Every structure is written in C-alpha cells, then in structure tokens.
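Engineer: Here is a sequence with its predicted model. Questions after.
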Amino acid sequence: MQIARQFKRRWRIFAQSFSALVVIIGVTLSGVATAGARETGDEPYVNAKAAVVYDVTTKKTLYDKQGDTAMYPASTTKLMTAILLVKNLQPDDPVYIGTEAAHQPRVRLGVKPGTTIPADDALCALLMKSANDIAYGVAETVGGSQEGFARMMNVEARKLGCTHTEFVTPNGLHAEDHATSAMDIAYIMAEAIKHPRIVDAMQTKSHMVDGKTVNNTNRLLYSQGNAIGEYIGGKTGFTSKAMYCLATAVRQHGHVLISVVLGAPRKTYMYSETIRLLTWANQYTEPGEDEHMDKEETVPGQD
C-alpha cells in the first residue's frame with residue numbers, strides 16, 4: 001500500500017508538471033507566432049514619426065501611424081499658403097516682397113525688398129523651391145501681415161476638417177505653437193490638388209522667377225515608378241525640429257491617394273518610405289468602375 005501511495009503521488013506531481021510545461025510551451029509558441037506576424041505583417045514599417053495614406057476617392061485611411069499626433073510640419077505648411085494664394089489672387093496679380101519678407105531665413109529666392117512678382121511666379125517659387133521669402137510675401141499681400149494670414153490659414157484648416165492644426169507662420173519655419181498632423185496635411189493636400197494652378201506648379205521642373213531659374217527640388221518628380229501610380233504633386237519640408245517631411249498625391253486605378261510622412265530621420269527615408277507606402281497601398285486600389293474616368297474627374301474640384 002505504501003508503495004502504491006508513493007507511486008500515485010509521484011504520478012500526480014509528474015502530471016501537474018507536464019500540464020504546466022504544455023501551457024508554457026503553448027504560450028511561448030503563441031508569442032513566437034505573434035512576433036512573426038508583426039515582422040511579416042501586411043502594413044509596411046516606416047521610420048518616420050508619423051505617416052498616413054489617405055484615399056481621397058473613397059475617403060478611407062489605408063495606413064495610419066500616429067496620424068492624429070500634432071507635430072511640426074516644416075514646409076508642408078506651404079500647401080496651405082498656396083491654397084490661399086490661388087483663392088485670393090489671379091495669376092498675374094502682384095505679390096509684394098517687403099523688407100521682412102526678403103530677410104526670411106533660407107531657403108530664399110533672394111529678391112530685393114520692394115520687389116513685386118506675379119502671383120503664379122510666386123506660386124512656383126513657393127512649391128518648387130520652397131522659398132521662405134516668397135511665402136512671407138504672399139502672407140503680407142493676402143493677409144496684410146503674418147498674423148492676419150495665420151488667422152486665414154487656421155480658418156481654412158477648420159473648413160477642411162483639420163482638428164490638430166494651429167498655423168503660426170506661412171512658410172513652416174519653426175515656431176513652438178506651429179503644428180499640424182499627418183492626417184490634417186492629407187486633408188490640406190486633398191484641397192490643394194483641386195486647383196490646377198497648384199498641380200501645374202508642383203509638376204513644373206524648371207521656371208524663371210524674377211530673372212532667376214527655379215528648379216523643382218522634389219525628387220519624386222524626376223524618378224516616378226509605376227508602382228506608386230501617376231504622380232500628381234508633392235511638397236517637401238525640413239527643419240531641425242520637424243526633420244524631413246513629405247506630402248505626395250498620386251493616382252492609382254482611378255483613385256487619388258495621398259501619402260504624408262512627417263519626422264523622417266533622413267532625407268532618403270522621406271522618399272523611400274513614401275514610395276514604400278504608396279506601393280503597398282496599390283493593392284487596395286484595384287481597378288473599378290472609375291478606372292476609365294477622365295483624369296480631370298479623378299482630381300476633386302476645380303479652381
């Protein structure tokens with residue numbers, strides 16, 4: 001009897017230990033499977049602090065990494081400046097560059113104080129070269145002052161559904177309270193590409209402004225791949241606080257998609273991660289009834 005009881009006790013201990021081991025192994029394997037799913041998951045990894053891919057056609061967000069987090073937007077701010085320019089000035093209306101505008105920090109077009117340039121030349125300098133002096137001149141011409149123009153920018157942002165935006169400067173130069181989010185920039189870009197004047201400027205490779213040759217600095221304009229779709233336009237940005245930022249609009253299978261990357265640690269990442277996101281999104285914009293729509297119809301609205 002004594003031997004039988006010892007055997008039963010040892011068997012019970014063994015069974016309990018074996019059961020615990022099975023549970024541990026199961027949990028471990030589950031963790032490995034989960035880790036593997038993250039590593040080989042569907043969504044692409046990006047180094048940027050925030051990123052979104054927004055389908056303007058369906059109004060769906062396809063990718064979202066910290067998309068509603070307020071961040072410094074650098075010169076992607078100039079998309080809003082461009083919108084207010086085309087809404088308030090005709091192509092040949094003069095943009096006045098005063099003393100304060102002319103002395104804005106680089107990047108500048110470098111015009112002399114007291115110079116006036118046509119509005120659409122200003123638009124090209126704004127979007128192709130990202131000229132801070134021209135952005136400030138637009139602000140003073142349209143809004144009367146930087147402060148007045150900032151109020152206009154914020155009113156327009158609210159109209160577009162932006163909920164994490166507070167603009168202070170017209171050019172995106174650093175100000176502590178000047179911030180927006182990747183999702184809000186996507187909404188602003190969606191409005192910007194409604195205006196053919198803005199799209200034309202973003203697609204122009206070289207243009208003369210006040211006797212100076214302005215070259216478009218956006219690399220995607222020169223190295224478009226079929227995987228990202230048909231390039232509509234884009235705007236770059238950089239400050240030491242914002243790091244590298246890029247908003248890009250493309251057309252895929254009749255859909256208009258917008259990618260926004262904010263806070264990329266390197267310029268190369270700004271471009272490579274935009275390409276990665278739009279290439280990945282291509283699988284979600286399969287051809288539909290709107291595949292054969294006229295190109296003008298797939299970009300919402302007109303001037």
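Structural biologist: Sure, I can see it.

Engineer: C-alpha only now, for contacts and for neighbours.
Structural biologist: OK.

Engineer: Under the pLDDT cut-off, which ranges of the stretch 201-303 of the chain? List them.
Structural biologist: For the stretch 201-303 of the chain, the stretches with pLDDT under 70 are 224-226, 286-303.

Engineer: just the helices in it please.
Structural biologist: Per DSSP state H, counting those that start in this stretch, the stretch 201-303 of the chain carries helices over the ranges 267-281, 295-298.

Engineer: Reformat those helices as JSON lines; add mean neighbour count and distance to residue 179.
Structural biologist: JSON lines is the format used below for those (neighbours: other C-alpha atoms under 10 Å; distance: least, C-alpha to C-alpha, whole Å):
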{"stretch": "helix 267-281", "mean neighbour count": "20", "distance to residue 179": "19"}
{"stretch": "helix 295-298", "mean neighbour count": "13", "distance to residue 179": "30"}
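
Engineer: could I get those as CSV with distance to residue 100?
Structural biologist: Below are the helices of the stretch 201-303 of the chain laid out as CSV (distance: least, C-alpha to C-alpha, whole Å):
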stretch, distance to residue 100
helix 267-281, 29
helix 295-298, 39
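
Engineer: tell me the contacts of the closest residue to residue 248 other than its chain neighbours?
Structural biologist: Distances taken as C-alpha to C-alpha, 6 or more residues apart in numbering place residue 234 nearest to residue 248, at 4.2 Å, with adjacent residues excluded. Contacts here follow C-alpha atoms under 8 Å, 6 or more residues apart in numbering; on that basis residue 234 touches 202, 218, 246-249.

Engineer: Which one of the helices of the stretch 201-303 of the chain lies nearest to residue 145?
Structural biologist: Residue 145 sits nearest to helix 267-281 of all the helices of the stretch 201-303 of the chain, at 32.2 Å, using C-alpha to C-alpha.

Engineer: so what does that closest one touch, helix or strand wise?
Structural biologist: Counting contacts by 3 or more C-alpha pairs under 8 Å, 6 or more residues apart in numbering; DSSP states H and E, helix 267-281 is packed against strand 50-55, strand 243-252, strand 255-264.

Engineer: Check these for me and report the most buried one.
Structural biologist: strand 255-264 (a mean of 29; mean count of other C-alpha atoms under 10 Å).

Engineer: chain center to that one: distance?
Structural biologist: In terms of C-alpha atoms, centre = their mean, to the nearest Å, the centre of strand 255-264 is found 4 Å from the chain centre.
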